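1. Sequence and predicted structure below; questions after.
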There are 2 protein chains.
Amino acid sequence: MGKLDKIALDKDSGEFLYHQLYNEIKELILNGELPPDTKLPTIRKLAEKLEVNNVTVVTAYNQLEADGFIYKKVGSGSFVKKLDKVEKSEEELEPSGIANFGSTAPTPNLFPVEEIKAAIDEVLDRDKANAFIYQESKGYTPLRKSLVSYLEKLGIGTGIDNIQIISGAQQGIDIISKAMVDYGDIVFTESPTYTGAIGVFNSRGARAIGIPIESDGIDVVELENKLKSFRPKFIYIMPNFQNPTGYSYSEKKKEKLLELASEYGFYIIEDDYLSDLHFNNRQNRTLKSMDKADRVIYIKSFSKLFMPGLRIAFMVVPSELYSGILSAKHISDISTPGLIQRAFDAYMRNGNWDENIKRINKVYDLRYRIMVKAVEELMPEEIEYILPEGGLNFWFKLPSGQSSNELYDYLLERNISIAPAMVFDLNGEDSECFRLSVTSIDSEDIRPFMERLTEGMKEFFKAGSKSKLTAEQYNRFL
Amino acid sequence: MGKLDKIALDKDSGEFLYHQLYNEIKELILNGELPPDTKLPTIRKLAEKLEVNNVTVVTAYNQLEADGFIYKKVGSGSFVKKLDKVEKSEEELEPSGIANFGSTAPTPNLFPVEEIKAAIDEVLDRDKANAFIYQESKGYTPLRKSLVSYLEKLGIGTGIDNIQIISGAQQGIDIISKAMVDYGDIVFTESPTYTGAIGVFNSRGARAIGIPIESDGIDVVELENKLKSFRPKFIYIMPNFQNPTGYSYSEKKKEKLLELASEYGFYIIEDDYLSDLHFNNRQNRTLKSMDKADRVIYIKSFSKLFMPGLRIAFMVVPSELYSGILSAKHISDISTPGLIQRAFDAYMRNGNWDENIKRINKVYDLRYRIMVKAVEELMPEEIEYILPEGGLNFWFKLPSGQSSNELYDYLLERNISIAPAMVFDLNGEDSECFRLSVTSIDSEDIRPFMERLTEGMKEFFKAGSKSKLTAEQYNRFL
């Protein structure tokens, strides 16, 4: 039975057994563990082995066939099919054939288009012209109520008067900075970090100081050292599945950070885009859920969990900061479009949200596991890395002195995209590191794309690296 | 025939005669010139007088009856009806019974809800998930193309590479300021002005200097004097139907302003929200259409012409400034929601836009004319004013030394809302002036509301004004 030996079904999980079996076999195929034309066990044999009913196996095989993963030969049995793209993404989205490890835009085949369309129709039928009036700057009240319930499930207790609706997480960073940061102020960030945030801090005339990130979270020793010399307005962090590294904070480091915030009197901006998901059954507690002293400004993005183009997100704002942040929202764009707020609220109230999260969790978890396996099996040994505990981003390091900008250029000519360290560096400087993301890559493409990528890297090593480039500097203060 | 003597129909206009007649009589009713129970002329008499067919008058009368403006008594003829509200706005919109001269939010009965719903459906059927991907920061390309055509009709020649889609005019002011204004810089504005702009300039640490506005535009002598001492990054103005005064610039002042911009090397932000309309057949040329030296950054708002809650607007940006403004848009909110951009584009391409403008023009023109008449007939003689040439805003002045903040408080207790000068003052200071707007008031409510307002003002004068209040200062630099 070979590779199928490792299949284990959980009869107590409440998930249909045929569906579990379907997923397990699908994953083996996508992982490359069951190459094309591998013969699958007969129905009777597999059913015996797994101690399930024949019908369970028949149903799983039928579904695998319907979805294009296997084919049947009359009299011979079932075989693994050479993969077409199973889920088709729209042509508009992706230059054809690019192995896009560079982007973190989710594949559009994940978007619940029909459900959001239904929600929009519902809202327009119900609210008519009111869906298009000026919406209050803090956000549509029923949506803020829905979000309070949603947060309760994530262990965050708050009230509607602390919720601020925003047009995406980027705007959250912008309006917090408008409210809190003046020319010459200091802010801390992780290093490397999301440079969309650095752009905002620079635009406010602030000085951003980076604190190194480690595989279990920010370097708290270095942080405390810096706190002895500087008084930052806030520190901007991503405690779960940090961008770009993918690393998550240990509980201990989360607690330490909260302690330091109280001790040194700074705020923490928690940028959360994926904590709802529990890769490998790991629970990803948000910092906000541990925040007794009201030091955390929590930004929740739905760009990876839902749809980036809707531009909707929200913040939980400490009471002390609320009115300043509300004013900053007002001068930024008056309000987030009412129609989108109302439709998103209807979507959540219809119970679609929980289903959506379950569905996204499965897809992303599968991508994560396929990617982990591909990295472990295919990545050239010159490359250093620490695998993240979940998420969609993976962080790698070339041998000392080599340039990820050069690797980027080299691979792009081969139609492979990666994100070099420069994009996440506070000074916009090149280094050995780079990020691979599977947000923009369907499960069945990950393995073949990783094969292309790692082949390309081997050629790159053979070609010999040139000296490190210094990129145009993004940041004039460091 | 009395009041109906003044009716004149234009047989060459291309508009149906019955429709012209309908509008003329409707206006007389809404103006209060034909009070309830006034008998209208017989069909034959009116037809003779106007030299039209009997059918024209019959059709106009029937339509007036159907719309609730007149009633018929068998054997006696047609009479003016006591007005119900003819157009019903949603209850959510307006605290019941308030005479809302304070707000400039358009009445929702003007919103083309069905057409935009159809456009959304069209987009979702056509683009599916692509309607929800990250949209490029400069904006959806087909929409930028549609806007280039639209601008051509307004006499503004530009290309898609100069169009930047924004989430409302307020965001336009914000991102221009991000791109152009640093701590300590100087900007000029009209005085009084829209203080949402002042909020942005203050947030950038800029010093805003106000130049007085006169009934034919900004005081260009004072402007030139100030230019000899200061080097502003830009001047922020509304050349047509300025907010709050309603005044429009003469052609001469527009030309002078453009000359000064070239001579002294500053940019002009033209905030345009109503120039499409031609109240009293006046053509309202935009400054941008006269801008040969590419000194004008043109912001077009659709909040009064279309629907404020959609939060969509655009800018025409001089080539020299484009990349900086694009970066500022990116760090502000990545992009304006793709769905809204696509729906607005579909709406424009379906030809709905031109119809919409015609419709809005009629409604606003009627409101303007009713308001002008009400002001002329009802406003207490203590009040000074210069009537604007069109638009929805009217600016008034109490006798010297009186406080519009006090008038505001006094009227609000009587369920009447006005906008006191403080809201438009660069320092947030009280003065004698106030703004009345008919944006939020249906045509049939203007006259009765003005009666309430002017009665309230007379009582206010009788009660005797207290001394002038100094309001909380908005601006720390002046």
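-> All right, it came through fine. Quick caveat, the model's predicted, so the values are computed rather than measured.
2. contacts, neighbours, all on C-alpha from now
-> OK.
3. next one: stretch A:277-290 to chain centre, how far?
-> Offset of stretch A:277-290 from its chain centre (CA atoms, centre = their mean, to the nearest Å): 13 Å.
4. if we look at that stretch, which residues are touching it?
-> Applying CA atoms under 8 Å, 6 or more residues apart in numbering or on different chains, the contact partners of stretch A:277-290 are A:154-157, A:239-240, A:254-255, A:270, A:272, A:275-276, A:296-298, A:357, A:361, A:365, A:368, A:389-391.
5. Let's see that with 6 Å instead.
-> A:155-156, A:275, A:296, A:361, A:365, A:390 (CA atoms under 6 Å, 6 or more residues apart in numbering or on different chains).
6. can I get those in JSON lines with pLDDT?
-> Putting the contacts of stretch A:277-290 into JSON lines (pLDDT from 0 to 100) gives the following:
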{"residue": "A:Gly155", "pLDDT": "94"}
{"residue": "A:Ile156", "pLDDT": "97"}
{"residue": "A:Ser275", "pLDDT": "92"}
{"residue": "A:Val296", "pLDDT": "98"}
{"residue": "A:Asn361", "pLDDT": "93"}
{"residue": "A:Asp365", "pLDDT": "94"}
{"residue": "A:Gly390", "pLDDT": "93"}
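7. From these, pick the one nearest chain B.
-> Closest approach between the contacts of stretch A:277-290 and chain B, by CA to the nearest CA: A:Asn361, at 19.0 Å.
8. ok, that closest one - contacts?
-> A:Asn361 sits next to A:Leu277 when contact means CA under 6 Å, 6+ apart.
9. mean confidence for the lengthiest strand in chain A?
-> Determined from DSSP state E, the single longest strand within chain A is strand A:207-214. Strand A:207-214 shows a mean pLDDT of 98.
10. just the helices in chain A please.
-> With DSSP state H, the ranges of helices along chain A come out as A:17-30, A:43-50, A:54-66, A:113-127, A:141-153, A:169-180, A:195-203, A:220-229, A:251-264, A:319-333, A:338-349, A:352-378, A:404-412, A:443-463.
11. and the nearest residue to A:Ser250 once chain neighbours are set aside, what is it in contact with?
-> Spatially, and ignoring its direct neighbours in sequence, A:Ser250 is nearest to A:Asp216 (5.3 Å; CA to CA, 6 or more residues apart in numbering or on different chains). The contact partners of A:Asp216, by CA under 6 Å, 6+ apart, come to A:248-250.
12. quick check, nearest of those residues to B:Pro308?
-> Here the nearest of the contacts of A:Asp216 to B:Pro308, counting by CA to CA, is A:Ser248; it sits at 41.4 Å.
13. And the nearest residue to A:Ser215 once chain neighbours are set aside, what's its pLDDT?
-> Counting by CA to CA, 6+ apart, A:Ser215 lies nearest to A:Tyr247, which is 5.2 Å off, once chain neighbours are set aside. A:Tyr247 carries a pLDDT value of 96.
14. likewise A:Thr470?
-> As predicted, A:Thr470 sits at a pLDDT of 40.
15. what does A:Trp353 give?
-> 91.
16. one step back: so which of the contacts of A:Asp216 is the most crowded?
-> Within the contacts of A:Asp216, neighbour counts (other CA atoms under 10 Å in any protein chain shown) peak at A:Ser248, which reaches 26 neighbours.
17. I'd assumed A:Phe241 was in contact with that residue.
-> Yes: between A:Ser248 and A:Phe241 a contact is recorded at 5.0 Å, counting by CA atoms under 6 Å.
18. what's around the residue of the stretch 251-400 of chain A found nearest chain B, how many residues?
-> As assessed by CA to the nearest CA, chain B sits closest to A:Gly309 within the stretch 251-400 of chain A, at 4.2 Å. By other CA under 10 Å, 26 other residues sit near A:Gly309.
19. tell me the contacts of it?
-> A:Gly309 makes contact with B:132-134, B:337-338 under the criterion CA under 6 Å, 6+ apart.
20. 10 Å instead, please
-> Counting by CA atoms under 10 Å, 6 or more residues apart in numbering or on different chains, A:Gly309 makes contact with A:105, A:167-168, A:302-303, B:129-136, B:334-340.
21. Distance-wise, check it relative to B:Tyr134.
-> Note on A:Gly309: its distance to B:Tyr134, by CA to CA, to the nearest Å, is 5 Å.
22. Find residues that contact each of these two.
-> Common contact partners of A:Gly309 and B:Tyr134 (CA under 10 Å, 6+ apart): A:105, A:303, B:334-338.
23. Can you list phi and psi of the residue nearest to A:Ser215 for me?
-> Backbone torsions for A:Tyr247, taken as degrees, to the nearest 10, come to phi -70, psi 150.
24. Residue most distant from the centroid, chain A?
-> A:Gly75 (45.3 Å; CA atoms, centre = their mean).
25. Quick check, pLDDT for it.
-> 79.
26. got it, and A:Glu263?
-> On pLDDT, A:Glu263 comes in at 97.
27. A:Ser96 too?
-> pLDDT, A:Ser96: 57.
28. what's the answer for A:Tyr273, then?
-> We have a pLDDT of 94 for A:Tyr273.
29. In contact with it, which residues?
-> A:169, A:238, A:240-243, A:299-305, A:313.
30. One more pass at 8 Å, please.
-> A:Tyr273 makes contact with A:300-305 under the criterion CA under 8 Å, 6+ apart.
31. Adding neighbour count, pLDDT and distance to chain B, write those residues out as TSV.
-> Shown next, in TSV, are these (neighbours: other CA atoms under 10 Å in any protein chain shown; pLDDT from 0 to 100; distance: CA to the nearest CA, whole Å):
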residue	neighbour count	pLDDT	distance to chain B
A:Lys300	22	97	14
A:Ser301	25	95	12
A:Phe302	20	93	12
A:Ser303	23	92	9
A:Lys304	18	92	11
A:Leu305	22	93	12
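32. got those residues as JSON lines, with distance to A:Gly196 columns?
-> Below are the contacts of A:Tyr273 laid out as JSON lines (distance: CA to CA, whole Å):
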{"residue": "A:Lys300", "distance to A:Gly196": "16"}
{"residue": "A:Ser301", "distance to A:Gly196": "14"}
{"residue": "A:Phe302", "distance to A:Gly196": "16"}
{"residue": "A:Ser303", "distance to A:Gly196": "14"}
{"residue": "A:Lys304", "distance to A:Gly196": "16"}
{"residue": "A:Leu305", "distance to A:Gly196": "19"}
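33. From these, pick the one nearest A:Ile441.
-> Of these, the one sitting nearest to A:Ile441 (CA to CA) turns out to be A:Lys304, at 12.9 Å.
34. That closest one contacts A:Leu274, correct?
-> Yes: taking contacts as CA atoms under 8 Å, A:Lys304 lies within contact range of A:Leu274: 7.2 Å.
35. just to revisit the earlier point, could you check the angle helix A:220-229 makes with the longest strand of chain A?
-> Angle between the axes of strand A:207-214 and helix A:220-229 is 160 degrees (criterion: axes from the mean of the first three to the mean of the last three CA atoms, to 10 degrees).
36. List the buried residues of strand A:207-214.
-> A:207-214 (16 or more other CA atoms under 10 Å in any protein chain shown).
37. Within reach of chain B, which of these are there?
-> With CA under 8 Å from any CA of the partner chain as the criterion, these include none near chain B.
38. Looking at those, which is nearest chain B?
-> For those, the minimum distance to chain B (CA to the nearest CA) is 14.2 Å, reached by A:Arg207.
39. so the closest one bridges to which residues?
-> Per DSSP bridges, the residues bridged to A:Arg207 are A:Ile186.
40. My guess is it contacts A:Gly184. True?
-> Yes: using CA under 8 Å, A:Arg207 is in contact with A:Gly184, at 6.4 Å.
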